[in-house]
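K.L.:
Fold the following and give me the result.
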Amino acid sequence: MFLGGLGLVWAALPLAAQNQFEGQVINGTTDAPVSGQLVQLLVGGAGMREVSTGRTNAEGRFVLPLKSADAGPFYLIQTVFQGVNYRARVEERSPTRLMVYEATNTAAELRIRSARIVVEATGSRAQVQEFFAVENISSPPRTFANSDGTFHFRLGKSATEPSAAVLGQMNMPIPVAIQDGKSPGELLINHALQPGLTVVMVSYVADYTSESLTLDDRVGYPIGRAELLVSPSSLSVESPLFQAAGMDSSTGMKKYEAAGLAAGAALTARLSGEAAATSRDEQPSSEGEIRTTPNSMTRLGTLLMLCLLLVLLWALGVRVAKEWMPSRAQKPESPAQKELETKLDSLLNSLADLDELHDTGKVADKAYWKERLELKAKVVAILKQSPPTLLESYATRHLPR
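P.N.:
Modelled structure (predicted):
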């Protein structure tokens with residue numbers, strides 16, 4: 001959520017004032033333009049809102065008008081093709097290319113490139129979060145859509161309160177409903193898996209009153225690489241599958257690894273030992289007072305607060321952008337502000353280039369996340385030392401390319 005929040009801050013900087021958006025819809029399976037396709041222009045803000053619609057011509061091209069009253073911080077082009085919803089973020093100064101794919105109900109060419117299981121034991125409860133990078137390698141590329149579910153999994157007997165989400169536009173988690181499968185204990189989600197990577201997230205709570213927890217989760221696809229992260233690090237882990245691999249540098253948790261798992265293989269491990277102490281806010285109140293229980297991201301609380309602060313500053317800048325535009329035009333920028341803006345442009349361009357290289361498979365996952373965090377840390381450092389005028393004016397600037 002923290003990474004997604006920062007991604008939203010940088011990606012959602014306002015586009016230049018325009019009165020229309022152009023683009024083209026391409027069938028990625030046949031590499032041919034899609035004619036007569038209904039497309040919608042969505043504006044971001046407090047939720048997504050449709051502001052105009054149109055249809056593609058014989059070359060798959062479209063033009064969608066935008067009224068000044070419908071201006072917003074960012075825009076998406078959306079279409080529904082063969083029952084599957086597709087979206088593309090509008091890029092500045094260039095037509096939007098929206099790729100759609102033929103749908104198939106066969107899952108033969110799906111696999112999980114990497115999986116990460118995070119277990120945090122606190123008091124009498126253990127929070128389990130599982131992340132699966134599902135890869136659709138169909139050739140020619142097709143979207144896997146099936147009314148009987150696209151991602152099947154099983155959870156151990158101790159799992160309660162399960163929930164699921166997929167990573168959507170601008171790295172924001174989108175909740176999806178969990179349904180019961182056809183066989184006892186089987187669970188599934190029904191989310192179309194487009195060509196490339198789709199990150200599926202499953203989380204649940206398990207009882208830890210006995211100071212032990214047995215993981216016995218399964219997924220329906222083969223897994224290339226799996227990680228198990230455990231907190232506190234004093235917990236003992238016994239597993240025929242996972243092998244100790246030191247400490248994870250990004251989270252400070254104890255790490256275990258496994259590789260080359262067959263479809264349906266049990267992600268088995270037994271954790272035992274004393275859990276982390278519950279904070280005061282987690283203790284039940286004798287007077288019936290309701291208290292908030294911190295989630296598994298408590299250790300990143302400081303960073304999360306900084307992220308939320310940046311979101312508020314960005315939203316404030318968007319809200320008053322029009323009011324500041326005249327005064328900004330009258331006041332020349334100082335050399336120091338120009339230098340900071342140049343550095344910010346360079347860092348944001350580097351982030352965009354890194355995302356593009358990762359999406360095309362030219363940068364490995366581990367290197368990608370490490371470099372992305374470093375770049376974002378540099379952006380945060382510049383924003384913290386910059387004057388308020390830079391934050392106010394930056395909301396009205398064009399997104400650098």
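K.L.:
got any ranges where this structure has weak pLDDT?
P.N.:
In the predicted model of the chain, residues 1-18, 45-47, 93, 169-170, 279-338, 358, 360, 383-401 satisfy pLDDT under 70.
K.L.:
Which helix in it has the most residues?
P.N.:
Within the chain, and with DSSP state H defining each element, the longest helix by residue count is helix 335-359.
K.L.:
quick one, phi/psi of residue 112?
P.N.:
phi -100, psi 110 (degrees, to the nearest 10).
K.L.:
Could you double-check that it sits in contact with residue 131?
P.N.:
No. Using C-beta atoms under 8 Å, residue 112 is not in contact with residue 131, being 10.0 Å away. For every residue, glycine as well, the C-beta is placed using N, CA and C.
K.L.:
More neighbours: those two, which one.
P.N.:
residue 112 (23 against 17; other C-beta atoms under 10 Å).
K.L.:
ok, what's across the strand from the more buried one?
P.N.:
Judged by DSSP bridges, the bridge partners of residue 112 are residue 134, residue 223.
K.L.:
Then residue 236?
P.N.:
Here residue 236, judged by DSSP bridges, has bridge partners residue 272.
K.L.:
distance of it from residue 213?
P.N.:
11 Å (C-beta to C-beta, to the nearest Å).
K.L.:
Check the gap between the residue most central in space within the chain and residue 112 for me.
P.N.:
In the chain, the centroid-proximal residue (C-alpha atoms, centre = their mean) is residue 171; its distance is 2.7 Å. When distance is defined by C-beta to C-beta, residue 171 is 19 Å away from residue 112.
K.L.:
before we move on, what about residue 194?
P.N.:
For residue 194, the distance to residue 112 - C-beta to C-beta - is 15 Å.
K.L.:
Can you give me the domain boundaries for the chain?
P.N.:
Annotated domains of the chain cover 2-103, 110-277, 320-394 [automatic domain parsing].
K.L.:
The longest one: how far from the chain's middle?
P.N.:
Distance of domain 110-277 from the chain centroid (C-alpha atoms, centre = their mean, to the nearest Å) equals 16 Å.
K.L.:
Check the separation of the first and last residues in stretch 147-155.
P.N.:
End-to-end span of stretch 147-155 (C-alpha to C-alpha, to the nearest Å): 21 Å.
K.L.:
Any buried residues in that stretch, and which?
P.N.:
Residues of stretch 147-155 classed as buried: 149, 150, 151, 152, 153, 154, 155 (neighbour count, 16 or more other C-beta atoms under 10 Å).
K.L.:
So which residues make contact with it?
P.N.:
Residues from elsewhere that reach stretch 147-155 (C-beta atoms under 8 Å, 6 or more residues apart in numbering): 105, 107, 132, 134, 144, 162, 179, 181-182, 185-193, 200, 202, 204, 216-220.
K.L.:
Which of those are buried, as a ChimeraX select command?
P.N.:
Buried members of the contacts of stretch 147-155, defined by 16+ other C-beta under 10 Å, are picked up in ChimeraX with:
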select :107,132,134,144,181,186,187,188,189,191,192,193,200,202,204,217,218,219,220
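K.L.:
Tell me which of the contacts of stretch 147-155 fall in strands.
P.N.:
132, 134, 144, 162, 179, 186-189, 200, 202, 204, 216-219 (DSSP state E).
K.L.:
which two in these are spaced the farthest apart?
P.N.:
Maximum pairwise distance in those, criterion C-beta to C-beta, is 26.4 Å, between 144 and 216.
K.L.:
Three-state assignment for residue 226, please.
P.N.:
Three-state assignment for residue 226 (DSSP: H, G, I helix; E, B strand; the rest coil): strand.
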